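Enquirer: any chance you can model this:
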Amino acid sequence: MIHRKMLTILIVFMQSCVVVLTAVSTLYAREGDFFFIERPKLSMGASYELEEEKRETPEMKEETTTRDLQERIGLGTNGWVYHPNLMEYRLFLEPEWRQEKFDHWRSATDSTHTTRRGTSVMAYDARTTLLKHKPCSLDIFGSRNNRRLDLTSVRDSDIESETWGTRLNFTNPTLPASFGFTNRKVDQTGFYQSEEDNNELQAKIRHNANNSITELNILYDESDRTTRTVSETRDTESTMTNSELTNTWFFTRDNRVRLDSLLYNTRSEYDDSDYDTWVMAENLFWTHNPNLLTRYTFNYNRRDVDDTVTEERAVKAGLTHRLFNRLTTDLGAGAGVNDFVGGSEDTYQANLGFNYRRPIPWGNLELGAVYDYGMTERSGTDTTIPTEERHVLSSSAETYLDKENVELDTIVVTDVPGSRVFLRDVDYRIEMIGPDVRISRTLLGDIADGQLVSVRYSYRIDTGFDDSRFGQNYRVGLDLWSFLYFMYTHGRLDQNITSGESRTGPIDDTYDRVRIRLETDWSETQFLYEDQDRRNGNSSVTRSVRQLINLRPWRSFYFNFSGDYGEREYTDTHEDETFYTLGTDISWTPEWWCSLSLIWLRNSISGDRQDMLYSEIGPTLRLAYGVWTGTISYRLTDQEDEENDDSLWRQRFYFVVNRSLW
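Expert: Numbers count the residues shown, from 1 in each chain. Okay, the predicted model is just below:
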């Protein structure tokens, strides 16, 4: 009762403020006055959500019912003080009230617990700019919001974040620069719980000259994060400093000769581990004529990980020549020296490639061949050295680390800038597949599907032998009648042990890949066959077919269908798996004020390594009438993980209505 009275009082108060602000803006929004307030925008909205979930694991069963009622008011305006060039501002307030009820049953106690919670959040977004069009300007900003993270396999999480900071900008055309500070606090509740306090300092300086461009970027990030799951609590502290200096020098007015220079340093501390990386690179591009281009490269890398130091130096040169716009030839050579504690690894390599393309009566023909030859000389004793890679983690593809003999305990996964550290078995999983390490994202973690991540780890290097490697790659492509595409690729990699003895034996890998694609205005069909034969393990044969259909028979109706079916056989271990994905997206707008949509998805992987089924269906109805808008949606998800003996069933009903006064 008290909650309702407070809500009514606040609504009346804000409406009164709108009336006053509107009157003030009408009286003072004239040229020559000392400030301007744009006519305020007021909106109101309410939503109701009902969610039921049933989850089962080998250790427990649980059922959860959530009811969530939200009410909110939005009030925003723009304006300036004294003069637009002196101070511009933007203000937005959105107070929100929530009433939640949780009914939870767990098999371990065989009892139902009911929890009620009433919360209020004063969301806001305030920004101001001082001296916007002057050589020096200042931005001050602050925001606070509450959003819901819609997770796939577990109960949704609420994320409350607060950000504030400032940025000083210099707009000199010769030396533009900006210096900023940002503080972020994030509190995430629900199944995936975490708290994070993050401070960031950033500086950007650029120098523009007649024949060169120089940029300096410096970023300091300090983060303290606590993550809680059902079984444990983890505290992660990290600091990171990135410094990058780049320069592009044009030796000629027509930009035929260009030198790109890079000096980069990053220092990171994750709990008990320290990382320090230096990179220096020089790249010279020389266009002798429209058909001849040469490249010259020098790289120096140094990595310090705790007490381990690794230095890499490499020199490369390359040439690209085009003959009659049909035959392209690439020729290159390089040498590299890798020094680490207790030994060294020197490499020498050369490559030669051809690509021939010409029109034929029904389309185009493409032929290609690439040859790579390299020698490696090793010395010293066996040791572990650090490395860093970037990988895309996706639920629809397998991802393996590049190196073998990986020390699993040294794996650290972060975002690309290196400021966010992901947690093993919470955000990602690792698994040994023969001599390789497979890395995959979890469904309940913070790594999005298809996200690019940075992986740092150490691997054992065998210095007891020298070798040479010869790689071959051949390609045949046909483009016929503008709708049929055929591509065949054959590759081979042979290793010859020239001295000593390798513990894993010489490499003898071969792969064949055939891809056929049929494409029309409204559909695409693709066939794929891939055979990977690896002497040291993890050989596989994959066959798949993919179908895409996009139809718009009339303007108000849209239909999309996608299907993917395939089989994969691991010939070394005699394991196999079958996978398929079916999905559709339908949208229909019979009237301007009414819109219907339907999303359906079914994803299945079954076999000796994985056995998982995921299905989802979600219809949505959107209505509009004057200043009123409303949405009604329903989503049903069902997931079964037979390998880990997990299952999840969840349905969600959501209703929202909004009214915008201006």
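Enquirer: so Phe653 is in contact with Tyr634, correct?
Expert: Yes. With contact defined as C-beta atoms under 8 Å, Phe653 reaches Tyr634; the gap is 5.4 Å. C-beta coordinates here come from the backbone N, C-alpha and C atoms, glycine included.
Enquirer: would you map the strands across the stretch 1-150 of the chain?
Expert: For the stretch 1-150 of the chain, strands defined by DSSP state E, counting those that start in this stretch occupy the ranges 35-37, 41-56, 61-81, 87-106, 111-130, 136-149.
Enquirer: I'd like these as a markdown table, with mean pLDDT and distance to Asp564 appended.
Expert: As requested, the strands of the stretch 1-150 of the chain are exported to a markdown table (pLDDT from 0 to 100; distance: least, C-beta to C-beta, whole Å):
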| stretch | mean pLDDT | distance to Asp564 |
| --- | --- | --- |
| strand 35-37 | 85 | 55 |
| strand 41-56 | 89 | 28 |
| strand 61-81 | 90 | 33 |
| strand 87-106 | 89 | 37 |
| strand 111-130 | 86 | 41 |
| strand 136-149 | 84 | 27 |
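Enquirer: and these: which comes nearest Ser344?
Expert: Closest of these to Ser344 is strand 136-149, at 48.1 Å (criterion: C-beta to C-beta).
Enquirer: any idea how far that closest one is from the chain center?
Expert: 22 Å (C-alpha atoms, centre = their mean, to the nearest Å).
Enquirer: so which of the strands of the stretch 1-150 of the chain is nearest Lys403?
Expert: Short answer: strand 136-149, nearest of the strands of the stretch 1-150 of the chain by C-beta to C-beta, at 33.8 Å.
Enquirer: residues in contact with that closest one?
Expert: With contact meaning C-beta atoms under 8 Å, 6 or more residues apart in numbering, strand 136-149 is reached by 94, 96, 121-131, 156-171, 180, 188, 190, 192.
Enquirer: filter those residues down to the buried ones.
Expert: 94, 96, 121, 123-125, 128-130, 156-163, 165, 167, 169, 180, 188, 192 (16 or more other C-beta atoms under 10 Å).
Enquirer: now stretch 302-321: buried residues?
Expert: Neighbour counts over stretch 302-321 (16+ other C-beta under 10 Å) mark 302-305, 308, 310, 312-314, 316, 318, 320 as buried.
Enquirer: if we can go back for a sec, for Leu327, which of the strands of the stretch 1-150 of the chain is the nearest?
Expert: strand 136-149 (53.2 Å).
Enquirer: may I have the strands that pair with the helix or strand following that closest one, each with its orientation?
Expert: Using DSSP states H and E, the next helix or strand after strand 136-149 towards the C-terminus is strand 157-170. Strand 157-170 has the following sheet partners, assigned by DSSP bridges: strand 136-149 (antiparallel), strand 177-189 (antiparallel).
Enquirer: now do the longest one and strand 41-56, the angle between them.
Expert: Right, strand 136-149. 40 degrees (axes from the mean of the first three to the mean of the last three C-alpha atoms, to 10 degrees).
Enquirer: do the last one as well
Expert: Using the same axes, to 10 degrees, the direction of strand 177-189 lies 50 degrees away from that of strand 41-56.
Enquirer: residues in contact with stretch 93-106?
Expert: Stretch 93-106 has contacts (C-beta under 8 Å, 6+ apart) with 3, 7, 10, 60-76, 111-124, 145-146.
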